[in-house]
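Peer 1: Structure here, sequence nowhere to be found:
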């Protein structure tokens, strides 16, 4: 049976050393911009030109008028696209009423 050479600390270091040419510099993580940010009730109220109480009232019903996301701590958040869709739907319904009325 062949004898195994005992490895020294220098031998182990050489086994795991990465050549300088293959080292890559670590880049800081980039934060992706959220294409559909979450809005607060205050931001939604400003967008709709209504009071914050109106937003809360229309978010807290069994069938809320506004598309709402309830967070774990009880806060309410709204997707920007959901609020824009709400505005588009209200606009469409208003136009239909004008035509039929």
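Peer 2: Here it is on my side, so go on. Keep in mind that this is a model prediction, so the values were computed, not measured.
Peer 1: Can you name the next helix or strand after the helix or strand of the chain with the lowest mean pLDDT?
Peer 2: Within the chain, confidence by mean pLDDT, DSSP states H and E is lowest for helix 9-16 among all helices and strands, at a mean of 54. Following helix 9-16 in sequence order, the next helix or strand is strand 38-39 (DSSP states H and E).
Peer 1: and for that following strand, what are the contacting residues?
Peer 2: The contact list for strand 38-39 (Cβ atoms under 8 Å, 6 or more residues apart in numbering) reads 47, 69, 77, 78, 79, 80, 83. Quick note: C-beta positions are derived from backbone N, CA and C, even for glycine.
Peer 1: Just the buried ones from these, in PyMOL syntax?
Peer 2: Command for PyMOL, covering only those of the contacts of strand 38-39 found buried under the criterion 16 or more other Cβ atoms under 10 Å:
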select buried, resi 47+77+78+79+80+83
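Peer 1: Now render the contacts of strand 38-39 as CSV, adding pLDDT.
Peer 2: Formatted as CSV, the contacts of strand 38-39 follow (pLDDT from 0 to 100):
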residue, pLDDT
47, 96
69, 93
77, 96
78, 97
79, 96
80, 96
83, 96
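Peer 1: Would you point out the most distant pair within the contacts of strand 38-39?
Peer 2: Maximum pairwise distance among those (Cβ to Cβ): 15.9 Å, between 47 and 69.
Peer 1: Which strands or helices does the longest helix along the chain pack on?
Peer 2: Using DSSP state H to define each element, the chain has its longest helix at helix 80-100. Under the contact criterion of 3 or more Cβ pairs under 8 Å, 6 or more residues apart in numbering; DSSP states H and E, helix 80-100 touches strand 38-39, helix 41-48.
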